[in-house]
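1. sequence and predicted structure, then a few things I'm wondering about:
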Amino acid sequence: MTSLVKRFPRHFAWGVATASYQIEGAVNEDGRGASIWDVFSHTPGKILHGDTGDIACDHYHRMREDVNLMSQLGISNYRFSISWPRIFPMGYGQKNSRGLDFYDQLTDQLLQENIEPLVTLYHWDLPQALQEKGGWINRDTAFYFRDYAVTVFDKLGDRVHNWITHNEPWVTTVAGHIQGRHAPGLKQPNVARKVAHHLLLSHGLAVESYRDMGKGRIGITLNLHPVYPASSREEDLTAQQLHDAFHNTWFLDPVFTGTYPEELDEILPFDNDFIAEGDLNLIQQPLDFLGVNYYAPHRVRWNPDEISHASLVILPEEPITSMGWPVDAKGLTDLLIRIHYDYGPIPIIITENGAAYEDVVEDGQIHDALRQHYLEMHWDALANSIEQGVPVHGYYVWSFLDNFEWALGYSKRFGIVYVDYLTQQRIVKDSGLAYSRFLREFYEYH
Ligand SMILES: CO[C@H](O)c1c[n+]2c([nH]1)[C@H](O)[C@@H](O)[C@H](O)[C@H]2CO
């Protein structure tokens, strides 16, 4: 492993990541308002096994224990998200001081343990009260988001210097408003362009506000995939182009060039009456970094029945995780090089990378060799990217803890720390111990 640590720069930020609804629990405590995920998870049939985030990892009550465990493992960077309905139970108006206090205490605890926070403002848990006013279909939500962001910047900005406005607006747009498999559970493709635009507008408003308030770094996190054609046939090359627009440039282009990709109009035609003068300038304002969530590449073949006119192809011989996602670390290198050369020298942080596998507790240990190998292959791919000139500044494992995996509930485990949901016991998996050893070597070397 020693050779690998030498391939990363001295100040490279190694960390772990989580998200509020997936780990906190305490959904009815200390003034928290309902989120769209509380409503969605309590709607019969939406979540596997009827699981909900009501308790999750009980992190709201175990925060100090969890931060201490990170410190024991030698983790020095922690990405977490803030639950908007803990701060504004109705989404706007009267703020909830006890909700702010939780994140205030979490931030102080992290800093006491020399762990640098990276805070995501929105990881999908919209206040239900705003959904009842139209949610992201309503342009007002973008401005309520800005006001929420300003409140959090004001409370934590003296100690938090690294911010992410949105986690994966594509998922909110597509899974939440086209496919219906995520909250708010809508199947309305005709609103998708508007939802995506309002999410991006809210990003721009938050960045603009931060520039007036803070001196730290702010970016956005996008879920991105390299897209490979299944063959050199013309139709598969067309599928690659359209799928790339649907999954990648739909959000990369407005953020970095202030335009929407024309290919998208073939897939999701729209009348641009919801785009106001100045919106795109606001959306494309300079960022300090791009957060990239990478798990797997997409290999596609032409399929006009799919919204992106493409179907994913999994090769019979390629290894997959328990999510059915291919294991292909070179895809990370290909993706980062493409971003670097298509969108300029923007610093990149891998804000999520990890794998779900079936974990078995044996004599109090979890020998998750497949997850450990997945992670180590991706660290090597990341080093290759850096050696090819891509300015990668950090990497966060998804996830620190096993947690609520959205529509799949607790059936999928991504953690480097195992959570026994009956007892809430934490058990560090072999992959977590390996990460700890790697970090120790890295810090000793540098
Ligand atoms: C294609 O994977 C996406 O980029 C993605 C994967 N994941 C995510 N986005 C979300 O940001 C996390 O909340 C999920 O728990 C995590 C694991 O599913």
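-> Nice, thanks for sending it over. Everything numeric in this text was worked out from a predicted model, so none of it was measured.
2. if I look at residue 327, how far off is residue 371?
-> Residue 327 is 10 Å from residue 371, where distance means C-beta to C-beta, to the nearest Å. Just so you know, the C-beta spots here come from the backbone N, C-alpha and C atoms, and that holds for glycine as well.
3. and the two? which has more neighbours close in?
-> The neighbour comparison of residue 327 against residue 371 (other C-beta atoms under 10 Å) goes to residue 371, with 27 against 18.
4. what sits against the more buried one?
-> For residue 371, the contact set (C-beta atoms under 8 Å, 6 or more residues apart in numbering) comprises 354, 355, 357, 416, 429, 431.
5. residues that sit against both of residue 327 and residue 371, list them.
-> Here residue 327 and residue 371 have residue 355 as joint contacts, going by C-beta under 8 Å, 6+ apart.
6. follow-up on the earlier one: which of the contacts of residue 371 lies closest to the ligand?
-> The shortest gap between the ligand and any of the contacts of residue 371 belongs to residue 354, at 7.1 Å (C-beta to the nearest ligand atom).
7. I'd assumed residue 395 was in contact with that closest one.
-> No - using C-beta atoms under 8 Å as the test, residue 354 is too far from residue 395 to be in contact (10.5 Å).
8. what kind of secondary structure is residue 55 in?
-> coil (DSSP: H, G, I helix; E, B strand; the rest coil).
9. and this structure, which residues reach the ligand?
-> 19, 22, 167, 168, 223, 293, 295, 352, 398, 405, 414 (C-beta under 6 Å from any ligand atom).
10. report the separation between the first one and residue 171.
-> It refers to residue 19. Separation of residue 19 from residue 171 (C-beta to C-beta): 11 Å.
11. overlap in contacts of these two?
-> residue 124.
12. the more surrounded of those two?
-> Neighbour comparison, residue 19 and residue 171: the larger count goes to residue 19, with 25 against 19 (by other C-beta under 10 Å).
13. now do the contacts for that one.
-> Per C-beta under 8 Å, 6+ apart, neighbours of residue 19: 80, 81, 120, 123, 124, 167, 403.
14. can you add secondary structure, pLDDT and neighbour count and give those residues back as JSON lines?
-> Shown next, in JSON lines, are the contacts of residue 19 (DSSP: H, G, I helix; E, B strand; the rest coil; pLDDT from 0 to 100; neighbours: other C-beta atoms under 10 Å):
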{"residue": "80", "secondary structure": "strand", "pLDDT": "99", "neighbour count": "24"}
{"residue": "81", "secondary structure": "strand", "pLDDT": "99", "neighbour count": "25"}
{"residue": "120", "secondary structure": "strand", "pLDDT": "99", "neighbour count": "24"}
{"residue": "123", "secondary structure": "coil", "pLDDT": "99", "neighbour count": "25"}
{"residue": "124", "secondary structure": "coil", "pLDDT": "99", "neighbour count": "26"}
{"residue": "167", "secondary structure": "strand", "pLDDT": "99", "neighbour count": "24"}
{"residue": "403", "secondary structure": "coil", "pLDDT": "99", "neighbour count": "25"}
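15. out of those residues, who's nearest residue 339?
-> Residue 339 lies nearest to residue 167 out of those, by C-beta to C-beta, at 17.4 Å.
16. wait, doesn't that closest one sit right on residue 125?
-> No - counting by C-beta under 8 Å, residue 167 does not reach residue 125; the two are 10.3 Å apart.
17. SS state for the closest residue to residue 227 other than its chain neighbours?
-> Distances taken as C-beta to C-beta, 6 or more residues apart in numbering put residue 244 closest to residue 227, at 4.5 Å, once the chain neighbours are dropped. Look at residue 244: counting by three-state DSSP, its state is helix.
18. can you read off the pLDDT for residue 244?
-> Here the pLDDT value assigned to residue 244 is 98.
19. what about it, neighbour count?
-> Counted with other C-beta under 10 Å, the neighbours of residue 244 add up to 23.
20. distance-wise, check it relative to the ligand.
-> According to C-beta to the nearest ligand atom, to the nearest Å, residue 244 and the ligand sit 15 Å apart.
21. swap in residue 410?
-> From residue 410 to the ligand the distance is 12 Å (C-beta to the nearest ligand atom).
22. contact partners for the residue lying closest to that residue once chain neighbours are set aside?
-> Nearest-residue entry for residue 410: residue 51, 5.3 Å, with adjacent residues in sequence omitted and distances by C-beta to C-beta, 6+ apart. By C-beta under 8 Å, 6+ apart, residue 51 lies in contact with 41, 404, 409, 410, 411.
23. quick check: residue 64 touching residue 109?
-> Yes - contact criterion C-beta under 8 Å: residue 64 and residue 109 qualify, at 5.9 Å.
24. so between these two, which is more surrounded?
-> The residue with more neighbours, out of residue 64 and residue 109, is residue 109; 18 against 13, by other C-beta under 10 Å.
25. all set now, cheers.
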